[in-house]
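S.K.: Structure, please.
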Amino acid sequence: MIEVKELTRTHGDRTAVDRLSLTARPGAVTAFLGAAGAGKTSALRLILGLDSPTAGTVAVCGVPLRGRPRSPHQVGALPDPAGLRGRRTAGAVLGALARAHGIEAGRVAEVLTETGLAQEPRRRVGTYSPAMRQRLRIAGALLGDPPVLLLDEPLAGLDPEGMRWARRLLRALAAQGRTVAITGDRAAEMAETADRIVVLDRGRTVLAQSAAEFTARSAAPRVVVGAASPVELAAVLTDGGATVVRARLSGPDRLAVTGMTAERVGPLATEHGIVILELDTRRPSLEEVLGELCAGSRAVSARSRPGGGR
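M.R.: Have a look, this model is predicted:
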């Protein structure tokens, strides 16, 4: 299990991880989902012990962070891709990693078989495709046979077949009772891969729920409205009881409205003299859902700061 409580990491005046709290449990695949810069990799580095937190706590299988990187026998992580190039074979690359961490040599053959790389023992890593190189990185994470896997972007570079293979592998590892945590920035991809979704934005937890619950958010229709005065319209609709955020992937002046029908939005805007340019009801994509969740979180954060609000 991974337990993170009020974890914070600052760099000068920049906060990479901001009072982050989350849990990843054994027997499930947990996805840390967020756009670039959301704090996913920074959080992983803190959990792995590669960086020290400014505040807060992090424990893996009940063992707190002790100021040094965690052993690959405890936590499996994807090795640096820079070390997986050149003239060596996959066996030689993983053999060097095994020796460096006191892992039995026989484990190399096991993980190569598990990741589908045992068929070409003499092929040099430098000739691998991006998908094969990603499989090799996953093999490196499995080398210590750890109870916890913390994988940063494990689906990156994989072709469709490789992605299906990775999903099967991750679920099989979780079914063995391991804690499997991954990161990604594509909402639909993560929802299809994980059992649980933790949305991060600006180093904070925005939402944590099952993948089924997260996916269901795209089934709920919402009103998309474009207006000549979107800020004014947002205030009017919010006062009327609706939830309003900036519509993602739909243009800069469009709002996504829930809790109010289009039949009510139009007359309410007219009543306040606001010109409507577009009014439609539709179901959002998961990417739009992700963007709206993060936009809503930022709006709440802005209002909670001194001097915030509209």
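S.K.: Show me the shaky parts of this protein.
M.R.: Applying pLDDT under 70 to the chain flags the ranges 83, 85, 248-252, 296-310.
S.K.: centroid residue for it?
M.R.: Leu33 (2.2 Å; CA atoms, centre = their mean).
S.K.: Run through the bridge partners of that residue.
M.R.: According to DSSP bridges, the residues that bridge with Leu33 are Gly184, Val199.
S.K.: mind checking how far it is from Val236?
M.R.: From Leu33 across to Val236, the span is 32 Å (CB to CB, to the nearest Å). All C-beta atoms are positioned from the backbone trio N, CA, C, and that covers glycine.
S.K.: just Glu278 next, same as before
M.R.: Distance, Glu278 to Val236, using CB to CB: 16 Å.
S.K.: Please apply the same query to Arg168.
M.R.: Separation of Arg168 from Val236 (CB to CB) stands at 50 Å.
S.K.: Those two - which one has more neighbours?
M.R.: Counted by other CB atoms under 10 Å, Arg168 and Val236 do not tie: Val236 has more neighbours, with 20 against 10.
S.K.: re the thing from before, which residues touch the residue nearest to the centre of the chain?
M.R.: Taking CB atoms under 8 Å, 6 or more residues apart in numbering, we find Leu33 in contact with 40, 183-185, 187, 190, 197-200, 290.
S.K.: for Arg87, same thing?
M.R.: Each residue near Arg87 by CB under 8 Å, 6+ apart is listed here: 124-126.
S.K.: Would you write a ChimeraX line that selects the buried entries of those residues?
M.R.: With 16 or more other CB atoms under 10 Å as the criterion, this ChimeraX line picks the buried residues out of those:
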select :125
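S.K.: which SSE is the closest residue to Gly116 other than its chain neighbours in?
M.R.: Among residues not flanking Gly116 along the chain, Arg135 sits closest, at 6.2 Å (CB to CB, 6 or more residues apart in numbering). Taking DSSP states H and E as the criterion, Arg135 maps to helix 130-142.
S.K.: mind saving the C-alpha coords of that helix as CSV?
M.R.: Output in CSV follows, covering the C-alpha atoms of helix 130-142 (Å, rounded to 0.1, in the frame of the first residue of the first chain):
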residue,chain,number,x,y,z
PRO,A,130,9.9,2.6,-28.8
ALA,A,131,7.4,-0.1,-27.8
MET,A,132,10.0,-2.8,-27.2
ARG,A,133,12.1,-0.3,-25.2
GLN,A,134,9.1,0.4,-23.0
ARG,A,135,8.6,-3.3,-22.5
LEU,A,136,12.2,-3.5,-21.4
ARG,A,137,11.7,-0.7,-18.9
ILE,A,138,8.7,-2.5,-17.4
ALA,A,139,10.9,-5.6,-17.2
GLY,A,140,13.4,-3.5,-15.2
ALA,A,141,10.7,-2.5,-12.8
LEU,A,142,9.7,-6.1,-12.2
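S.K.: Would you give the sheet partners of the next helix or strand after it, along with the direction of each?
M.R.: Using DSSP H and E, the next helix or strand after helix 130-142 towards the C-terminus is strand 148-151. Paired strands of strand 148-151, with direction, are strand 75-77 (parallel), strand 179-184 (parallel) (DSSP bridges).
S.K.: mind checking how far the helix or strand following the first one is from the chain centre?
M.R.: Past strand 75-77, heading to the C-terminal end, the next element that is a helix or strand (DSSP H and E) is helix 90-100. Per CA atoms, centre = their mean, to the nearest Å, the displacement of helix 90-100 from the mean C-alpha position of its chain is 29 Å.
S.K.: So which bits of helix 90-100 are buried?
M.R.: Residues of helix 90-100 classed as buried: 90-91, 93-95, 97-98 (neighbour count, 16+ other CB under 10 Å).
S.K.: Would you mark the buried spots in the following helix or strand past it?
M.R.: Counting by DSSP H and E, the next helix or strand C-terminal to helix 90-100 is helix 106-114. By 16+ other CB under 10 Å, the buried positions in helix 106-114 come out as 107-108, 111-112, 114.
S.K.: Specify which member of those is nearest to Arg14.
M.R.: Arg14 has its nearest neighbour among the buried residues of helix 106-114 in Val111, at 37.4 Å by CB to CB.
S.K.: And the closest one, how far from Ala100?
M.R.: Relative to Ala100, Val111 is positioned 15 Å away (CB to CB).
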